[in-house]
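Visitor: have a look at this prediction, sequence included:
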Amino acid sequence: MTTDRCCVMSGSGPSNWGGNVVFGMAGAVSPGSVEEVARIVRDAGRGGVRAAGTGHSFSPVGDTEGLMVSLRELPRVCEPVVGDRDDVVGARIGGGLTYGEICPAIDGWGRALPVLGSLPHISFGGGCATATHGSGWGNGCVAAGVDEVMMVVGDGSLVRVGHGDPGFDGTVVSLGALGVAVEFIVQVVESFQVEQFVFEGLPFPVLTERLEEVLGAGYSVSVFWPLGPVADVWVKRKAGDEWWDLSGTGAVPARAHRHPVAGLPAVNCTPQLGLCGPWFERLPHFRAEFAPATGHEIQSEYLVAAADGARALEAVARIETDLAPVLQTVEVRSVAGDRCWLSPAFGRDSVALHFTWLPDPGAVDAAVNRVEEAIGPMRARPHWGKVFGMDPATVADLYPRWDDFRGLLDEYDPEGKFRNAMIDRFFPAA
């Protein structure tokens with residue numbers, strides 16, 4: 001393994017959730033106020049500070065050689081934003097809170113977040129910074145629903161940036177490189193109920209021939225394909241919505257609760273079998289009340305244009321023998337296009353191919369290379385928080401607003417206080 005890949009690092013010390021990235025931080029602090037965050041940033045030197053997420057990235061995007069600043073001790077902000085008609089039109093959220101903490105409160109107002117990731121344990125700020133997403137042709141990444149971000153920037157000042165402000169579309173998916181995002185205002189919708197079903201044994205040819213329909217079978221749909229001839233389809237349907245009937249595809253309804261990875265216990269997964277429940281207890285794959293242990297896995301993900309989704313799956317199928325020894329499963333999802341400059345779904349509706357690998361770094365490196373050779377020509381964009389091996393020039397060519405984001409780096413952090421090795425590699429200082 002080479003040292004400049006966005007993959008695994010070796011050593012001892014605090015690590016990410018998966019254990020494949022060991023943080024090189026000099027120390028960790030937990031300020032109790034935004035003012036204290038500002039003081040820490042003002043006193044920092046180049047590469048001296050990064051906001052801490054929940055460690056669920058598999059790349060070194062959150063690493064630092066300086067101070068890791070946790071936002072967990074800041075005042076816990078989760079408040080409704082009230083409109084002109086005294087109705088709740090948004091939510092004001094502290095960047096360090098997790099989805100599992102904020103969602104029940106939002107539901108208590110009669111509102112919901114339209115999109116959630118697979119895990120409710122990640123922080124809201126971290127999810128935005130790396131363009132975390134769920135699934136659904138009408139659902140973008142979580143950052144696409146942000147209307148305003150408040151962050152401490154390189155000189156220690158507190159700035160608010162909202163829709164209509166110059167550069168706003170570059171500030172939310174920022175890889176943590178523009179500042180410490182302490183607060184967000186995010187869009188909400190009316191609360192809703194969800195029924196979750198799993199269909200087993202969808203033939204692979206049907207998946208590729210009818211991919212748009214399969215991924216549109218419900219409000220949020222995930223296909224789990226462990227390579228081979230069949231896949232499972234997880235359909236999360238809004239109660240009362242119509243859906244595409246999978247009964248004519250060869251897939252059959254599961255008779256018991258399932259885990260996305262065959263053979264693993266389903267006890268920590270959200271309820272299935274059509275059991276109706278609130279949005280925040282069904283849209284994730286895993287329950288908030290089960291704190292995830294160290295993940296015995298490594299993850300990669302690539303987003304291709306929706307029109308290339310089936311072709312990408314067929315390309316992966318052709319290298320099955322190279323991937324199978326180290327692969328647990330491939331999750332296939334749809335993501336609506338957005339305007340966030342560094343979002344892998346920027347400017348195009350997308351199909352996401354998410355690879356869950358066994359925890360074997362060397363074998364994963366080789367498998368990732370094969371995947372990128374197979375689907376790279378389709379202009380596949382890697383997820384910033386996952387393992388990938390594309391070089392900076394290749395990645396830069398995939399993003400039309402790349403140079404605009406470089407301009408934001410110079411504007412908000414001219415001294416490079418939030419830089420780390422990954423940011424320096426992809427956005428080297430002039």
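Guide: Arrived safely, thanks for sending.
Visitor: how far does the lengthiest helix in the chain sit from the chain's center?
Guide: In the chain, taking DSSP state H as the definition, the longest helix is helix 361-375. The chain centre lies 20 Å from the centre of helix 361-375; the measure is C-alpha atoms, centre = their mean, to the nearest Å.
Visitor: contacts for the next helix or strand after that helix next, please.
Guide: Next along the chain after helix 361-375, taking DSSP states H and E as the criterion, comes strand 381-382. The contact list for strand 381-382 (C-beta atoms under 8 Å, 6 or more residues apart in numbering) reads 6, 300-304, 344, 346, 388, 390, 395, 398-399. In short, each C-beta sits where N, CA and C put it, glycine included.
Visitor: most neighbours, which of those residues?
Guide: Among the contacts of strand 381-382, residue 303 has the most neighbours (other C-beta atoms under 10 Å), with 31 neighbours.
Visitor: that older thread, redo the contacts of strand 381-382 as a markdown table? Include distance to residue 86 and pLDDT.
Guide: Listed next are the contacts of strand 381-382 as a markdown table, based on distance: C-beta to C-beta, whole Å; pLDDT from 0 to 100:
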| residue | distance to residue 86 | pLDDT |
| --- | --- | --- |
| 6 | 47 | 46 |
| 300 | 46 | 97 |
| 301 | 41 | 98 |
| 302 | 45 | 98 |
| 303 | 39 | 98 |
| 304 | 44 | 98 |
| 344 | 38 | 98 |
| 346 | 36 | 98 |
| 388 | 47 | 97 |
| 390 | 49 | 97 |
| 395 | 46 | 98 |
| 398 | 44 | 98 |
| 399 | 41 | 98 |
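Visitor: apart from its chain neighbours, what residue comes closest to the residue positioned nearest the centre of the chain?
Guide: Computing the C-alpha centroid of the chain and ranking residues by C-alpha atoms, centre = their mean puts residue 132 first, at 1.9 Å. Residue nearest to residue 132 in three dimensions, not counting chain neighbours: residue 117, with 4.4 Å by C-beta to C-beta, 6 or more residues apart in numbering.
Visitor: quick one, grab the pLDDT at that neighbour.
Guide: Note for residue 117: predicted pLDDT of 91.
Visitor: just to revisit the earlier point, just the ones of the contacts of strand 381-382 in strands?
Guide: 300, 301, 302, 303, 304 (DSSP state E).
Visitor: excluding sequence neighbours, find me the nearest residue to the second one.
Guide: Right, residue 301. Using C-beta to C-beta, 6+ apart and skipping the chain neighbours, the partner closest in space to residue 301 is residue 383 (3.8 Å).
Visitor: mind checking pLDDT for that neighbour?
Guide: 97.
Visitor: quick check: the residue nearest to the centre of the chain touching residue 122?
Guide: Yes: between residue 132 and residue 122 there is a contact under C-beta atoms under 8 Å: 6.6 Å.
Visitor: which residues touch residue 150?
Guide: Here residue 150 is in contact with 158, 159, 160, 161, 181, 182, 183, 184 (C-beta under 8 Å, 6+ apart).
Visitor: so it sits in a strand?
Guide: Yes: assessed by DSSP: H, G, I helix; E, B strand; the rest coil, residue 150 belongs to a strand.
Visitor: what segments of the stretch 1-150 of the chain are helices?
Guide: 34-43, 99-108, 124-129 (DSSP state H, counting those that start in this stretch).
Visitor: which of the ones you listed is buried the deepest?
Guide: helix 124-129 (a mean of 27; mean count of other C-beta atoms under 10 Å).
Visitor: what packs against it?
Guide: The contact analysis (3 or more C-beta pairs under 8 Å, 6 or more residues apart in numbering; DSSP states H and E) places helix 124-129 against helix 99-108, strand 180-187.
Visitor: JSON lines for these, including distance to residue 84?
Guide: Formatted as JSON lines, the helices and strands packed on helix 124-129 follow (distance: least, C-beta to C-beta, whole Å):
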{"stretch": "helix 99-108", "distance to residue 84": "20"}
{"stretch": "strand 180-187", "distance to residue 84": "16"}
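Visitor: among these, which is nearest residue 45?
Guide: With respect to residue 45, and counting by C-beta to C-beta, the nearest of the helices and strands packed on helix 124-129 is strand 180-187 at 15.6 Å.
Visitor: extract the CA atoms of that closest one and return them as CSV.
Guide: Extracted C-alpha coordinates of strand 180-187, given in CSV (Å, rounded to 0.1, in the frame of the first residue of the first chain):
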residue,chain,number,x,y,z
VAL,A,180,-15.6,24.3,12.4
ALA,A,181,-19.3,24.1,11.5
VAL,A,182,-21.1,24.7,14.9
GLU,A,183,-24.7,25.1,13.7
PHE,A,184,-26.9,24.5,10.8
ILE,A,185,-30.4,25.4,9.7
VAL,A,186,-31.9,22.5,7.7
GLN,A,187,-35.2,22.0,5.8
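Visitor: name the residues that touch that strand?
Guide: By C-beta under 8 Å, 6+ apart, strand 180-187 touches 34, 37, 41, 49, 51, 69, 71, 74, 77, 81, 90-96, 113-114, 124-125, 128-129, 145-152, 158, 162, 172, 174, 418.
Visitor: and stretch 27-34, by the same measure?
Guide: Outside stretch 27-34, the residues touching it (C-beta under 8 Å, 6+ apart) are 14, 37, 40, 52, 67-75, 152, 158, 182.
Visitor: then stretch 56-65?
Guide: Against stretch 56-65 from outside (C-beta under 8 Å, 6+ apart): 6-7, 9, 16-18, 20-21, 23-26, 47-50, 52-53, 55, 119, 121-122, 126, 129-130, 175-176, 298-300, 384-388, 420-422.
Visitor: list the buried residues of that stretch.
Guide: Residues of stretch 56-65 classed as buried by neighbour count (16 or more other C-beta atoms under 10 Å): 56, 57, 58, 59, 60, 61, 62, 63, 64.
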